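Q: how would this look folded up:
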Amino acid sequence: MALPALREELALYAGPHLADGQPSWTLHDPVRNQFFRVDWLTFEIISRWPLDETQTIADAVNAQTTLRPDATDVEAVARFLVDNQLVQPDGAGSARQFAERLTRMRGNWQSWLLHHYLFFRIPLIRPDGWLERWLGRIAPFYSRGFAQLTLAALLVGLVEVYRDWGRFSATLVDTFSWTGLLGYGMALTGIKVLHELGHAFTAKRYGCRVPAMGVAFLVMFPVAYTDTNEVWKLANRHQRLAVAAAGVVTELVVAAWATLAWGLLPEGLPKSIAFMLATTTWIATLAINTSPFMRFDGYFLLSDWLDMPNLHSRSFALARWDLRERLFGLGVPPPEYFSRKRHIGLVLFAYATWIYRLVIFLGIAALVYAFFIKAVGVMLFVVEIGWFVLLPFWNEIKLWPGLLQKESSSSGFLSLMRHRPRARRSAWLAAGLALLFVCPWPTRQSASGALKPVETFPIYAPAGAQLVQLPWPEGSVVRAGQPLLELTSPELQLRWQHAQTRLERLRWQSSSAGVNAAQRQNLQVLAQEENTAKAELANVQSDMALYAPTAPFTGVLRDLDPDLKPGVWIGNRERLGTLVKPDHWQVETYLDEDAVNRIRVGDPARFFADGLEGPVLTLTVSAIDQDATRILPNGQLAAQFGGSVMTREKHGQLVPERAVYRVTLDVNSEVGALVQQSWRGHVVIHGRWEAPGLAFLRAALVLVWRELGF
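A: Residues are numbered from 1 along each chain as shown. Below is the predicted model:
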């Protein structure tokens, strides 16, 4: 089989030894400035590429080295070279092949827009010549003496910050303003320029070319970048680590000297600039650049330290293989073999990266939605969630049927389920999850509720009065019509005496009208005055009845003040006790719209009193309000007082944060020790059956529909 010719401009550099001890080489494509790490076998095959025949190359490697490849190994290398465009074009059909490859790379306009919205680069300068000229001038910054001097500056600066921590922290708080944020933005821009120059000068110091520096946009957020791909041709791992760490080290050097400057400079603009440089650099370096979960400096440092190029993609591939094996137990060989310790570490690193990126992308999506125009924000939010969160899951899941079909084609699907316990367990788990979307389950709606009697009679003092008689102690059963207590009021007694005296005087005058001519002439007036006096006396007697209230129904006397006794004076409208009808209790609760839609009148429920006092009560839903509650009348059910209803205070009233509906439930069991005026507790209503998965899906659709309602 004839092989395609290699491109003439390709270059091979000696690379580091791999984890298994074999040598490696770096293949450089200078046109695209891309590097490929190849192992010993691949190097030996490429070195004999002019032999032009797969079997001839395999025989030559077998004869001249200890390796034992065959023609299929040479064909695999040929596919690698062709796929990565490292061979010369194939005659007349090359133009068509390049056009098709370019079309596939570009995709449609939607794909182009999506990729360029998520990430794109703008190269601004070609700094290689300028870096070459300045390399000698910045050489002192790489000396051991400068490193020791910087360490001393850092120690002195930290001591100064410790001694004046109150002013340092107060300055940090004072800078949280528009002017302070602008200053931080300018400081961050300057720091990032120095950061990239640190990478560039260090790479140049080791003989690497730096073809471009510019600005990259990550979800429309600008970040500086430097093209230092040529460091992959460095065989010395410590040199690659130095280039990767140069940006972070540069920022730390700036932070150390800025911290010292803040401690030594007098108050003024230079001190403020030093403060912003110090705080911005420490935070940006530690929080962002050192993270290995995104392709920042921390990632490249970890990759070089482990000597594992493409760390993310390789760990992801290993974690996906591990997931498939745990789910299905297919027995497929792993993509790469590592020691047990490194294997576990790479899998855990992949899962940590996925979780970290999930949190970051969800945060970015929320920020995009919050700070863009609502229509654009919703669209970009969907793009963020779909591209970064849902698409990776889908790309992995859609591979599973093919893997299972391939495995089951040789032994049969039933045999696969019988002999692969993990596959059988995963199948049952998948079936159970699927049932969540189609199989109804009983729902339970929970909220705080108030237990209270349906009928109560509060006992108040109608005005300032003195207690004359209290015939019933706390907890006594009072029959309907029996007096509850007796009060007296000197003012009311005086009014009664005056009314009684006046009525008797008018009656005497009317009775003497037959013998007194003068009285006979005023007989009609006397009759009217007598009727008025009777009405006044009846009014006084009605008021006196309030001072001796009687039970309107048979009930239990509760909440009596233990200090009440005959002779005690009572204030105006002071509550003295409550007559409770003990045979009918109800619970009042408030549910949101989703919960109300899942319950009906007649549904069973339970009530658990706070503090686990008394028995668990069985309830039945008796009424559901059709209109939402505008004002929460029962404050003990508000969240700020320990309830479940989120409210805010407005004009002295509690207004629910979202629409809630009052639900009334009848008590079917004995309240026992809960025989008091009111108890707060927890209500659990057994609503209609519903598939939990469909409930979550409906909630998500409601949220999307509400947010699209602009």
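
Q: Mind jotting down where the helices sit in the stretch 401-550 of the chain?
A: Ranges of helices in the stretch 401-550 of the chain, per DSSP state H, counting those that start in this stretch, are 413-419, 421-438, 490-511, 517-521, 523-546.

Q: Could you point out which of those helices sits nearest residue 483?
A: Of all the helices of the stretch 401-550 of the chain, helix 523-546 sits nearest to residue 483, with 10.3 Å by CB to CB. Every C-beta, even on glycine, is put in place using the N, C-alpha and C of the backbone.

Q: tell me which residues in that closest one are buried?
A: By neighbour count on 16 or more other CB atoms under 10 Å, the buried set for helix 523-546 is 526, 529-530, 533, 536-537, 540, 544.

Q: then the very next helix or strand once past it to CSV, C-alphas only?
A: Using DSSP states H and E, the helix or strand that follows helix 523-546 in sequence is strand 555-558. What follows is strand 555-558, C-alpha atoms only, in CSV (Å, rounded to 0.1, in the frame of the first residue of the first chain):
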residue,chain,number,x,y,z
GLY,A,555,-67.8,25.3,76.1
VAL,A,556,-64.6,25.2,78.1
LEU,A,557,-63.2,28.3,79.7
ARG,A,558,-59.6,28.9,78.7
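
Q: Which elements pack onto strand 555-558?
A: Applying 3 or more CB pairs under 8 Å, 6 or more residues apart in numbering; DSSP states H and E, we find strand 555-558 packed against strand 477-478, strand 575-580.

Q: Listing partners with orientation, what would you give for the host helix or strand of residue 36?
A: Assigned by DSSP H and E, residue 36 belongs to strand 34-38. Looking at strand 34-38 with DSSP bridges, its partner strands are strand 25-29 (antiparallel).

Q: mind checking how far the partner strand is from the chain centre?
A: The chain centroid and the centroid of strand 25-29 are separated by 44 Å, computed with CA atoms, centre = their mean, to the nearest Å.

Q: Buried residues in the host helix or strand of residue 57, which are they?
A: Using DSSP H and E, residue 57 sits in helix 54-64. Along helix 54-64, these residues count as buried under the neighbour rule (16+ other CB under 10 Å): 54, 57-61.

Q: out of the helices and strands packed on strand 555-558, deepest packed?
A: strand 575-580 (a mean of 20; mean count of other CB atoms under 10 Å).

Q: other SSEs contacting that one?
A: strand 456-460, strand 555-558.

Q: rewinding a little: quick one, which of the buried residues of helix 523-546 has the minimum pLDDT?
A: Within the set of the buried residues of helix 523-546, pLDDT is lowest for residue 526 (66).

Q: what comes into contact with stretch 209-229?
A: Residues outside stretch 209-229 that contact it (CB atoms under 8 Å, 6 or more residues apart in numbering): 33-35, 117-128, 131, 192-193, 195-196, 199-200, 203-204, 208, 230, 243, 364, 368, 384.

Q: now swap in stretch 303-311 and tell me
A: By CB under 8 Å, 6+ apart, stretch 303-311 touches 16, 18-19, 37, 232, 237, 240-241, 244, 299, 302, 314, 342, 349.

Q: what about the closest residue to residue 37 other than its chain neighbours, which SS state?
A: Excluding its sequence neighbours, the residue lying closest to residue 37 (CB to CB, 6 or more residues apart in numbering) is residue 309, at 5.3 Å. Secondary structure assignment for residue 309 (DSSP: H, G, I helix; E, B strand; the rest coil): coil.

Q: picking that back up, rebuild the helices of the stretch 401-550 of the chain as a markdown table, extending it with distance to residue 221.
A: A markdown table is the format used below for the helices of the stretch 401-550 of the chain (distance: least, CB to CB, whole Å):
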| stretch | distance to residue 221 |
| --- | --- |
| helix 413-419 | 47 |
| helix 421-438 | 37 |
| helix 490-511 | 79 |
| helix 517-521 | 106 |
| helix 523-546 | 74 |
